[in-house]
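In: When you get a sec, could you give me coordinates for this:
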Amino acid sequence: MATAATAGAEPRLQRRIGLGLLMMYGLGSMLGAGIYGLVGEAARLMGSAIWLAFLVSMVAALLTGLSYATIASRYPRAGGACYVTQRAYRSPLLGYLVGLAVACSGLTSIATQANVVARNLQAAFGWQGVPVALLAAGFLLLLAGILLRGIRESLWLNAVCTVVEAFGLVLVIAVGIPYWGSASLLEWPDGPAGGTEAAGTTLLVFQGAVLTFFSFIGFEDTLNLSEEVKNPERTMPAGLILAMVTATVIYMAICVTAVSVVPWRDLAAAPAPLAEVVRRAAPWFPPLGFIGITIFAVANTALVNYVMASRLLYGMARQGLLPEAFGRVHPSRHTPHVAIGALFVIVLALAMLGNIAALASATVLLLLFVFTLVNGALIVLKRRPGEPRGAFEVPVVVPALGMLVCLALIVVRTTSGGATAPMIAGGLLLAILVLYAATARGRQAEIDRFAAGDVPS
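Out: Numbering: from 1, shown residues only. The predicted structure is shown next:
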């Protein structure tokens, strides 16, 4: 058993993050690169009523977001979703499943964004002679170096990238405001809403909400910074909710602007919808400028997921679910250097595969599965006597509704999006279960502790 002196000498993560950096981290994780292309897909489905889809999806996402805010206030730990799942269900298996499912979503996102950054660098600087794989590897190496340097450095870079990508969205809004009111905001693909049956319109809105819901995914990443945030019981909920509300305001304004400047049929056909909005409303803005903004947005998505995944592996190691080495912290930089290095190797290998779009799509289903389990875990913990209460609490109906919404999204996504993504998601879950079974012997003591209800603090 470790002595107090030994435990005190062990390097740990340090609380260096305030509300401002945390909010920017959450906002950057949601804005990302998705909104730059998602508007066109939503217009194809919803016509000019895309703002309605974003409004409904915001409500759906906020239910789970409020659950995460409560969890962050109660249990401010790295690997938070994995921890509360394990604590609530007293099952190392479910904690392991949730942790690696979230990790898979982060790894595929980082690899995908590395290739997107590489292709944009080729276009921006005329580097067609430089292989995409080499540019992607250089980008990943740069990210790993920043993460190894420290959490404040990582989050300051995130703040800069978030400001740049938010500038791109604010630019779209600013140049488009004079066009507001020039187009109907309730023009549907099959005619005006008044000419459709209410049930059909409701179904269309729900399908649009399923599509746009994924523009809010990313709020859950903030939970993994809990051990590095000052006064996390209050700062974590405030940062998460502020980020979600800010993202919603920006998204709604983008929707109104986009369909006001560009007819929704043209918007749906445009390969770069927001770039088309700027081209029409502000022809003076250089096209290269929007490529630069896109690079910052995509790089930020990769950075946020890299930070999240490294802290997740650290938290899982601390819970005994992964090898102890992943829980080691650098003595001077106070970063989980082993986890960062291991992730670099895995992501580099994934990036070399090139197009992993099908895998990335499947991990969205995994995240919905995780949200369902985490909402259920909060219900269990709220009803269990003796569990700590946080500075921020929501009534039990919030996680209950969040769980139902996520289940409904899984059903819609599975039945209307083709069989490839569900099959890959199922295969990933099966692979995680096999990996757990293959390595369970070394964690038998931990499994026995959880079976007895002895959850580590």
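In: In CSV, list the C-alpha atoms belonging to stretch 28-45.
Out: In CSV, the C-alpha atoms belonging to stretch 28-45 read as follows (Å, rounded to 0.1, in the frame of the first residue of the first chain):
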residue,chain,number,x,y,z
GLY,A,28,-15.1,25.2,-29.8
SER,A,29,-16.0,21.6,-29.5
MET,A,30,-19.6,22.3,-30.7
LEU,A,31,-19.0,24.9,-33.4
GLY,A,32,-16.3,22.7,-35.1
ALA,A,33,-16.4,22.2,-38.9
GLY,A,34,-19.8,20.5,-39.0
ILE,A,35,-22.0,23.6,-39.2
TYR,A,36,-20.1,24.8,-42.3
GLY,A,37,-21.5,21.9,-44.3
LEU,A,38,-24.6,20.9,-42.3
VAL,A,39,-26.6,23.9,-43.3
GLY,A,40,-26.8,22.6,-46.9
GLU,A,41,-27.9,19.1,-45.8
ALA,A,42,-30.6,20.6,-43.6
ALA,A,43,-31.9,22.8,-46.3
ARG,A,44,-32.3,19.8,-48.6
LEU,A,45,-34.5,18.2,-46.0
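In: roughly how far out does it sit from the chain middle?
Out: Relative to its parent chain, stretch 28-45 has a centroid offset of 14 Å by CA atoms, centre = their mean, to the nearest Å.
In: Same check on stretch 243-259?
Out: Once both centres are worked out by CA atoms, centre = their mean, stretch 243-259 turns out to sit 17 Å from its chain's centre.
In: for it, which positions count as buried?
Out: 243-244, 246-248, 250-259 (16 or more other CB atoms under 10 Å). Placement of C-beta: from N, CA and C, glycine included.
In: what pLDDT, on average, does it get?
Out: The average pLDDT for stretch 243-259 rounds to 91.
In: Also stretch 184-195?
Out: The model assigns stretch 184-195 a mean pLDDT of 66.
In: ok, now stretch 276-285?
Out: The average of the pLDDT scores along stretch 276-285 is 91.
In: cool, stretch 124-134 as well?
Out: For stretch 124-134, the mean per-residue pLDDT is 84.
In: Give the residue spans of the chain that score low on pLDDT.
Out: Judged by pLDDT under 70, the chain has its weakly predicted residues at 1-9, 32-34, 37, 190-201, 203, 354-361, 417, 441-457.
In: Show me where it has its strands.
Out: Secondary structure of the chain, counting by DSSP state E: strands at 187-188, 191-192.
In: So what are the sheet partners of the first one and their directions?
Out: Read that as strand 187-188. Paired with strand 187-188 in the same sheet, following DSSP bridges, are strand 191-192 (antiparallel).
In: Contacts only, for R149.
Out: R149 makes contact with R333, T335 under the criterion CB atoms under 8 Å, 6 or more residues apart in numbering.
In: again, 10 Å this time
Out: Listed by CB atoms under 10 Å, 6 or more residues apart in numbering, the contact set of R149 reads L157, H330, R333, T335.
In: mind listing which of the buried residues of stretch 243-259 are in helices?
Out: With helices defined by DSSP state H, the entries of the buried residues of stretch 243-259 inside them are 243-244, 246-248, 250-259.
In: ok, so of the residues you listed, who is nearest T420?
Out: Using CB to CB, Y251 is the member of these that lies nearest T420, at 27.9 Å.
In: circling back to that earlier point, out of the contacts of R149, grab the one that's most surrounded.
Out: Of all these, the highest neighbour tally under other CB atoms under 10 Å goes to T335, namely 25 neighbours.
In: isn't it right up against R12?
Out: No - between T335 and R12 there is no contact, the gap being 11.1 Å when judged by CB atoms under 10 Å.
In: so what sits against both of those two?
Out: Residues touching both T335 and R12 comprise E228, V329, with contact defined as CB under 10 Å, 6+ apart.
In: how many other residues sit next to L134?
Out: Using other CB under 10 Å, L134 has 11 other residues around it.
In: now do V59
Out: Neighbour count of V59, defined by other CB under 10 Å: 13.
In: My read is that it contacts A209, right?
Out: Yes - V59 is within contact range of A209, at 8.5 Å (criterion: CB under 10 Å).
In: got a list of what V160 touches?
Out: Contacts here follow CB under 10 Å, 6+ apart; on that basis V160 touches M24, G28, F296, N300.
In: show me what contacts the first one?
Out: Okay, so that is M24. When contacts are counted by CB under 10 Å, 6+ apart, M24 is found next to 155-156, 158-163, 166, 239, 242-243, 246, 300.
In: any idea how far it is from A49?
Out: M24 sits 31 Å away from A49, going by CB to CB, to the nearest Å.
In: likewise T257?
Out: In this view, T257 and A49 are 14 Å apart by CB to CB.
In: right, and A243 touches V249 too?
Out: No - A243 is beyond contact range of V249, at 11.2 Å (criterion: CB under 10 Å).
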